[in-house]
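**Q** I'll drop the sequence and a predicted model, then ask my questions.
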Amino acid sequence: MELPGVLDLPGARLRALREDDWALDHSLSRVADVAQWTYYPADVGVDEARERVARSLTQRAEGRGGRFVVERSGVPLGTIGLSLRVDGPHLYYAFLPAGRGLGLATEAVRALSRWALEHGADVVHARTMVGNVASEGVLERASFDRGPLDVEPDGVSVTRWSRRADSQPTLK
Ligand SMILES: CC(C)(COP(=O)(O)OP(=O)(O)OC[C@H]1O[C@@H](n2cnc3c(N)ncnc32)[C@H](O)[C@@H]1OP(=O)(O)O)[C@@H](O)C(=O)NCCC(=O)NCCS
């Protein structure tokens, strides 16, 4: 599955991550609930932010997935990506406060999961740490089905989510 360079959303777009997007990762790591609910470490320095972006670019170059910047009028507001694993693509995302409350995360999750389902995936997976109500709302609005609770190898409790090609859009 070769990920696209750009995916259009209503009033915004996803574009493939570039080397100079380290500044977005640097900002995201300073948002308290990003470090709380994702595996982004808090308060990364410039070098670490650059390394994170470089790792994502290598992941895409090697066909193991890839990451996008969600931007509106050229302004980066968040990031979303797919990690391609043996059981299918796994989705992850995080938004700056300026990109929230707009329905943008829901649109981005809808668009990228739909793209994967239309390009060979039978299912798209996501995981939310228990208590992450905002992200649960995103996945519900984007037609993901809530699955069982699970415990990650590092001991973190998560809810598993999946969207299949035949999932119906919800009315929320
Ligand atoms: C999870 C996260 C991306 C959700 O962001 P969000 O902006 O709340 O999500 P949405 O894009 O779905 O927007 C929903 C909000 O926009 C409002 N909204 C406005 N227009 C909307 C539209 N057209 N469609 C849907 N919602 C809309 C909704 O009412 C809702 O507002 P509320 O939060 O006051 O109830 C964000 O909280 C985040 O980055 N958290 C930290 C990182 C994280 O948890 N990542 C996920 C790990 S699993």
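**A** The structure has been received and is ready for your questions.
**Q** count of residues packed around the residue of the chain found nearest the ligand?
**A** Scanning the chain for proximity to the ligand using C-beta to the nearest ligand atom identifies residue 103 as nearest, at 2.4 Å. Every C-beta, even on glycine, is put in place using the N, C-alpha and C of the backbone. By the criterion of other C-beta atoms under 10 Å, residue 103 has 15 neighbours.
**Q** quick one, what contacts it?
**A** With contacts defined as C-beta atoms under 8 Å, 6 or more residues apart in numbering, residue 103 is in contact with residue 141.
**Q** if you set the cut-off to 7 Å instead, what comes out?
**A** Taking C-beta atoms under 7 Å, 6 or more residues apart in numbering as the criterion, residue 103 is in contact with no other residue.
**Q** Give me the number of neighbouring residues for residue 155.
**A** A count of nearby residues for residue 155, using other C-beta under 10 Å, gives 6.
**Q** In terms of pLDDT, where does it sit?
**A** Per-residue pLDDT puts residue 155 at 95.
**Q** my read is it is in a helix, agree?
**A** No. Per DSSP: H, G, I helix; E, B strand; the rest coil, residue 155 lies outside any helix segment and is coil.
**Q** Which phi and psi values does it adopt?
**A** The phi/psi pair for residue 155 (degrees, to the nearest 10) reads phi 90, psi 0.
**Q** so how far is residue 129 from it?
**A** 11 Å (C-beta to C-beta, to the nearest Å).
**Q** Show the residue spans covered by the helices in this structure.
**A** For the chain, applying DSSP state H gives helices covering 22-28, 32-37, 46-61, 104-118, 133-141.
**Q** export those helices to JSON lines and tack on mean pLDDT?
**A** Listed next are the helices of the chain as JSON lines, based on pLDDT from 0 to 100:
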{"stretch": "helix 22-28", "mean pLDDT": "98"}
{"stretch": "helix 32-37", "mean pLDDT": "97"}
{"stretch": "helix 46-61", "mean pLDDT": "98"}
{"stretch": "helix 104-118", "mean pLDDT": "97"}
{"stretch": "helix 133-141", "mean pLDDT": "98"}
